[in-house]
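Q: Need coordinates for the below:
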Amino acid sequence: SNLEEEVNIGRNLFDEKLMEEKGIAREATAKLAKEVGKYEKELGDLNMFISRKTELEGELEDTKTELLRERKKHEQIISELERKTVQEKERLRKEMENKIREAK
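A: Predicted coordinates for the structure are as follows:
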């Protein structure tokens, strides 16, 4: 009958439309899954970057501390050398004065 035919046509159209919608949904799901994967990788990379950055900042601080320690040590050595030089000059000056006195 005409009604059955229309029902069948309607059902077929509905089935086709449903299959089409399922296909679209599958594609969208696959696309989203791919995007999620990409973002997870980016997040992993970012976490690695942050971890490495923190590590490098720590190393930088250690290096700065070591440099400061070395600078202070260097300044102490120079200060000590200057002090000894002044003492040596003073000793030589006195020695010269004594020799001049003795020569008179």
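
Q: switch to C-alpha atoms for all contacts and neighbour counts from now on
A: Noted.

Q: pLDDT on stretch 52-71, on average?
A: Model confidence over stretch 52-71 averages 97 on the pLDDT scale.

Q: Please compute how far it lies from its chain's middle.
A: Put simply, stretch 52-71 sits 14 Å off its chain's centre (C-alpha atoms, centre = their mean, to the nearest Å).

Q: residue nearest the centroid of the protein?
A: Lys53 (1.8 Å; C-alpha atoms, centre = their mean).

Q: Could you list which residues are in contact with that one?
A: Taking C-alpha atoms under 8 Å, 6 or more residues apart in numbering as the criterion, Lys53 is in contact with no other residue.

Q: Which strand or helix spans it?
A: When secondary structure is defined by DSSP states H and E, Lys53 falls within helix 2-103.

Q: burial count for Thr65?
A: By the criterion of other C-alpha atoms under 10 Å, Thr65 has 12 neighbours.

Q: nope, Asp45 is what I meant
A: Taking other C-alpha under 10 Å as the neighbour definition, Asp45 ends up with a count of 12.

Q: what's the answer for Ile9, then?
A: Taking other C-alpha under 10 Å as the criterion, the count of residues near Ile9 is 12.

Q: contact partners of stretch 16-24?
A: Residues from elsewhere that reach stretch 16-24, judged by C-alpha under 8 Å, 6+ apart: none at all.

Q: Could you pull up the mean pLDDT of that stretch?
A: Average pLDDT, stretch 16-24: 96.
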